[in-house]
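J.: sequence and predicted structure below; questions after.
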Amino acid sequence: MSLFLTYGHCSEETNRLTFPVMDLELRHLRIVREVADAGSVSKAASRLGLAQPALTAQLKRIERVLGGTLFERDRHGARPTRLGELVLARARVLLPAAKELQEEAVRFAHTPSPGFRIGATNGPILGGLVDRIAAERAVTTYTSWSAQELNGMVEHGRLDYVLTGACGDAGVPSGALLWETISLDPVFVLVSRDHSMAGAKEVGLADLAGEQWAVTPGDGCFADCFATACARAGFTPGTIYETDVPTCTHLARVGRAVVLCQATHQPAAGLVMVPLAGAPLRWRQLLGRHPTAPDPACVVTQARQAHHDAVRRSPVYADWLDRNPGYGTTA
């Protein structure tokens, strides 16, 4: 994108010849800003990955376009002149505006109207949410184990919403997204129906000290929270298999590992879900959205209802909630 600032020069009042010059572009304003921020041409060249002579020559061409010197340079560095301050002030307004325009344009180009684009990590809400919305609006989905990837896609306009999660005591992710807490859930364990704890109403984390473990991958703090919970229970966890859901399920079914799972999980045949006594691990279901995402009130409501439906489909969790108020779907 270019800013077309034309500049002509006449040598005499009666001679109005104009001479062609280059157009000022956003990249030129970035150079001016970088030199000012770095405090010297040499430092700016290093940041921009350019040779200093090349940046110096570019700066001189920019100064010719703008009609004067932009920086006073000496052994102490580079300081903006009055003209440089003027150009720098405009650059600090124009560059963010151009970036916002580009992001909005990308978002507009990728937005199927009038539908929703929803990303999600492994969780209980996406299927129910899509089912509820798709009856009236078009929905496209994208899944990833990386919450950071999904958050970035929403920030850059490639998705409208993201369904993800965080440990119970963790804050919402930083960035430009707007967040709603959909639920606060305990973490349960998934074991083989032949496991000695399979018939228990709940099991203490310390009672599983000798087990091997399986979890699905993620880029949050859950691994650290699990290690901390085990330390509080008086042991260090053994082998931890980080793998996909089918492999976790297989390892639990054959008795090779105990799987950490969300309380809304629906156990497959041959598996039993058992609550952990005292809820030493908690998980918050989160819905993040772009500030311009369509119909947020509806999507938040439908996400909470989808979670509530998932709780009702889990007799183990529903029974646990009767004994442990304060968890479950948020109001």
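T.: Looks like it came in fine.
J.: can we go C-alpha only for contacts and neighbour counts from here?
T.: Will do.
J.: can you show me the strands along this protein?
T.: All strands of the chain, identified by DSSP state E, fall at 71-74, 77-80, 116-120, 139-143, 161-167, 178-192, 213-215, 240-242, 258-262, 271-274, 282-289, 328-329.
J.: point out where the stretch 101-250 of the chain drops to low pLDDT.
T.: Applying pLDDT under 70 to the stretch 101-250 of the chain flags residues 110-114.
J.: ranges for the helices of it?
T.: Here the stretch 101-250 of the chain has its helices, by DSSP state H, counting those that start in this stretch, at 126-134, 147-155, 222-232, 245-253.
J.: could you dump these to CSV with mean neighbour count and distance to residue 309?
T.: Formatted as CSV, the helices of the stretch 101-250 of the chain follow (neighbours: other CA atoms under 10 Å; distance: least, CA to CA, whole Å):
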stretch, mean neighbour count, distance to residue 309
helix 126-134, 17, 8
helix 147-155, 20, 24
helix 222-232, 16, 25
helix 245-253, 19, 21
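J.: neighbours of the nearest residue to residue 256 once chain neighbours are set aside, just the number please.
T.: Excluding the flanking residues, the one nearest residue 256 by CA to CA, 6 or more residues apart in numbering is residue 212, at 6.9 Å. Other residues near residue 212 come to 18 when the count uses other CA atoms under 10 Å.
J.: could you list which residues are in contact with residue 212?
T.: Residue 212 makes contact with 237, 238, 239, 240, 241, 256, 257, 258, according to CA atoms under 8 Å, 6 or more residues apart in numbering.
J.: give me the neighbour count for residue 88.
T.: Residue 88 is flanked by 22 other residues according to other CA under 10 Å.
J.: number of nearby residues for the closest residue in space to residue 254 that isn't next to it in sequence?
T.: Of all residues not flanking residue 254 in the chain, residue 192 sits nearest, at 6.8 Å (CA to CA, 6+ apart). Neighbouring residues of residue 192 were enumerated by other CA under 10 Å; the total is 24.
J.: which other residues reach stretch 29-49?
T.: For stretch 29-49, contacts defined as CA under 8 Å, 6+ apart pick out 51-52, 55-56, 59, 73, 77-80, 87-88, 91-92, 95.
J.: if you set the cut-off to 7 Å instead, what comes out?
T.: Stretch 29-49 is contacted from outside by 51, 52, 55, 77, 78, 79, 80, 88, 91, using CA atoms under 7 Å, 6 or more residues apart in numbering.
J.: how about these in CSV, adding pLDDT and distance to residue 232?
T.: Formatted as CSV, the contacts of stretch 29-49 follow (pLDDT from 0 to 100; distance: CA to CA, whole Å):
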residue, pLDDT, distance to residue 232
51, 89, 56
52, 89, 57
55, 90, 58
77, 91, 55
78, 93, 56
79, 94, 57
80, 95, 58
88, 93, 55
91, 93, 54
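J.: need these in a markdown table (columns: distance to residue 276).
T.: As requested, the contacts of stretch 29-49 are exported to a markdown table (distance: CA to CA, whole Å):
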| residue | distance to residue 276 |
| --- | --- |
| 51 | 61 |
| 52 | 62 |
| 55 | 62 |
| 77 | 62 |
| 78 | 63 |
| 79 | 63 |
| 80 | 63 |
| 88 | 59 |
| 91 | 57 |
